[in-house]
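> 3D, please:
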Amino acid sequence: MSTPTPRTTDAFGPASPVLSVAPVTLPAPDRAVDLQVRVSVPLTGEGRLPVILLSHGQGFSNNLSSLNGYAPLVSFWAAHGFAVIQPTHLSSTTLKLPADTPGAPMHWRSRAEDISRLIDRLDEIEAAVPGLAGRLDRDRIAVAGHSMGGHTASLLLGARLTDPDDGTEVDLADSRIGAGVLLAGPGRGGDALVPAMAEMLPFLTTTDFSRMATPTLVVNGEKDGSTHLTVRGPAWHTDPYTLSPGPKTLLTLFGAEHGLGGISGYDVAETTDESPARVAALARLSWAYLRSRLYADDTDWQTAREALTWGPDAFGRVESKEG
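Below you'll find the model as predicted:
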């Protein structure tokens, strides 16, 4: 298959210069450290900005699993009309928290609570960024997450789990979130997990997608085996689609591994399947999907699908289900 060239930026609307401000610090006395975020917004354009809250993964790089990661996606989303807010979760190695910090090592509950906290405090975020006051659209909020961030996003979209510490069912869904994108997120637990990982990360063993009803784009890599996590191979990452109710859309990226071409950053060591063209296609497809879900009359998703998932040079395939 020949290497396809994504449609030009102009085909998906004019790109704006982007203002990115970090760190914006939100005091959080009930948290191990205050919550720091990066805010990226277009400098031009009219009207209020829909919001993407982006939860980082837990990769091997020292700095990308934080507010400093995912520039290839964030740059496109912000240049095309979204306000993108990226928290540094307590699991980030950049914070160097003690191993005995409550919730360590993955801080799965705190991660989801971080995202809801950001929605609670959008007024403060607006006030901290020059020219942003009054521009964030509280009625059009989406969540996105990669890898462990996909787990975080799935909880906010309605997935549930059993707390391994006390046996209670955990419901962290946030009804203010209107759509989501799960990028190589984890699948079901139980016998799908590598036994050593199930013991190390017991919160993954009870994931239940049956009540994840918020519209979601589930993205998986055709070659993302994640053998350190699952015995099921790439199909494991499709569980949030197959095991949840609609409306859902599944995007399988041809040839992609866990980095989906390199979404966590430019030229980073942890990317095993580097493909700038694939990343550019994913940026456009995810942007278009969210627009179609947040704006009822938007047609960008159809345009993006025709450009990037049809024909001999397609980057991937799409399937969908309703209700």
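> buried residues in the helix or strand hosting Ser40?
For Ser40, the enclosing helix or strand under DSSP states H and E is strand 35-42. Neighbour counts over strand 35-42 (16 or more other C-beta atoms under 10 Å) mark 35-42 as buried. Using the backbone N, CA and C atoms, a C-beta is placed for each residue, glycine as well.
> max pairwise distance over those residues: which two?
The distance between the two most remote of the buried residues of strand 35-42 (C-beta to C-beta) is 23.7 Å, for Leu35 and Pro42.
> quick one: average pLDDT of whichever helix or strand comes after the strand holding Ser40?
With elements assigned by DSSP H and E, the helix or strand that comes after strand 35-42 is strand 49-55. Across strand 49-55, the average pLDDT comes to 98.
> which SSE is the residue lying closest to Val268 once chain neighbours are set aside in?
Closest residue in space to Val268, ignoring its immediate chain neighbours: Ser61 at 5.7 Å, by C-beta to C-beta, 6 or more residues apart in numbering. For Ser61, there is no helix or strand it lies in under DSSP H and E.
> quick one: mean pLDDT over the longest helix anywhere in the chain.
Looking across the chain with DSSP state H, the single longest helix is helix 276-294. Helix 276-294 carries an average pLDDT of 98.
> and that helix, what does it pack against?
strand 49-55, helix 71-79, strand 136-146, strand 179-183, strand 216-221, strand 248-253, helix 300-308 (3 or more C-beta pairs under 8 Å, 6 or more residues apart in numbering; DSSP states H and E).
> apply 6 Å and report the result again.
helix 71-79, strand 179-183, helix 300-308 (3 or more C-beta pairs under 6 Å, 6 or more residues apart in numbering; DSSP states H and E).
> pull the CA atoms of the second one into CSV?
Presented in CSV, the C-alpha positions along strand 179-183 are these (Å, rounded to 0.1, in the frame of the first residue of the first chain):
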residue,chain,number,x,y,z
ALA,A,179,-18.5,13.1,23.7
GLY,A,180,-15.2,11.3,24.0
VAL,A,181,-12.2,9.8,22.2
LEU,A,182,-10.4,6.8,23.6
LEU,A,183,-7.0,6.4,22.0
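> related to what we said a few turns ago, deepest in the core, which of the helices and strands packed on helix 276-294 is it.
Among these, ranked by average contacts under mean count of other C-beta atoms under 10 Å, first place goes to strand 179-183 (a mean of 29).
> now the element after it, going C-ward?
Beyond strand 179-183 toward the C-terminal end (DSSP H and E), the next one is helix 195-200.
> run the chain-centre distance for that following helix.
24 Å (C-alpha atoms, centre = their mean, to the nearest Å).
> cool, and stretch 193-210?
20 Å.
> list the buried residues in that stretch.
193, 197-198, 201-209.
> how about stretch 46-63?
49-59, 61.
> likewise stretch 125-142?
125-126, 128-129, 132, 135-136, 140-142.
> now do stretch 12-22
Those would be 12-13, 15, 18, 20, 22, for stretch 12-22 by 16+ other C-beta under 10 Å.
> from those residues, which is closest to Arg31?
Ala22 (17.9 Å).
> then that closest one would be within a strand, right?
Yes. Assigned with DSSP: H, G, I helix; E, B strand; the rest coil, Ala22 falls within a strand.
> pretty sure it contacts Val37?
No. Taking contacts as C-beta atoms under 6 Å, Ala22 lies outside contact range of Val37: 7.1 Å.
> shared neighbours of the two, anything?
Leu67 (C-beta atoms under 6 Å, 6 or more residues apart in numbering).
> Glu257 and Gly59, how far apart?
12 Å (C-beta to C-beta, to the nearest Å).
> most centrally placed residue in the chain?
Gly145 (1.9 Å; C-alpha atoms, centre = their mean).
> please name the residues that touch that one.
Neighbours of Gly145 in contact, by C-beta under 6 Å, 6+ apart: 55, 152-153.
> show the pLDDT at it.
98.
> who does it bridge with?
Ser55, Leu182 (DSSP bridges).
> make 14 the first number, not 1, from now on.
Understood, numbering begins at 14; the last thing we discussed is Gly158.
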